[in-house]
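Q: Test case, fold it:
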Amino acid sequence: MKLFVTLLVFLGSAYLIVAFNWTYSDGNRAGYIQKFSTKGWLCKTHEGELAMTTVPGTAPVLWQFTISDDKVAGQLTDVMGKRVILHYKEYRYIPTSCFGDTTYFVDKVEVQE
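A: All right, here's what the predicted structure looks like:
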């Protein structure tokens, strides 16, 4: 029984290591932050929504993202209302929403001049 539990813990740990070290995609998105908040009962995560527009006057495409780093979340809060470029990494098959509500994790914020 101990061996089974140890094997189960090992496999679960190995799965998380693989899930968080290999990204499915990686890129940048530009737009205006429409919504940004901290959510969750037990596991607090920073969740946001970026409005991407190509031509003024058209309906924006909304993109939802997660920020796991408090420092990056603070930077984003400081630049609210400005056009920003967000660098993200997409992680697929994350086991719970405790890590974030989306698969897109923003790790860098730049203000677009």
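Q: which residues in this protein form strands?
A: Assigned by DSSP state E, the strands in the chain fall at 25-39, 45-52, 61-67, 83-90, 104-111.
Q: what sits against Lys35?
A: Gly48, Glu49 (Cβ atoms under 8 Å, 6 or more residues apart in numbering). From N, CA and C alone the C-beta is placed, and that goes for glycine too.
Q: Against Met52, how distant is it?
A: 14 Å (Cβ to Cβ, to the nearest Å).
Q: now do Val5
A: 47 Å.
Q: Name the residue in those two with the higher neighbour count.
A: Met52 (13 against 9; other Cβ atoms under 10 Å).
Q: Pass me the low-pLDDT residue ranges in this protein, would you?
A: For the chain, no stretch is flagged by pLDDT under 70.
Q: quick one: the longest helix anywhere in the chain to strand 83-90, angle?
A: Looking across the chain with DSSP state H, the single longest helix is helix 2-21. Here helix 2-21 runs at an angle of 150 degrees relative to strand 83-90 (axes from the mean of the first three to the mean of the last three Cα atoms, to 10 degrees).
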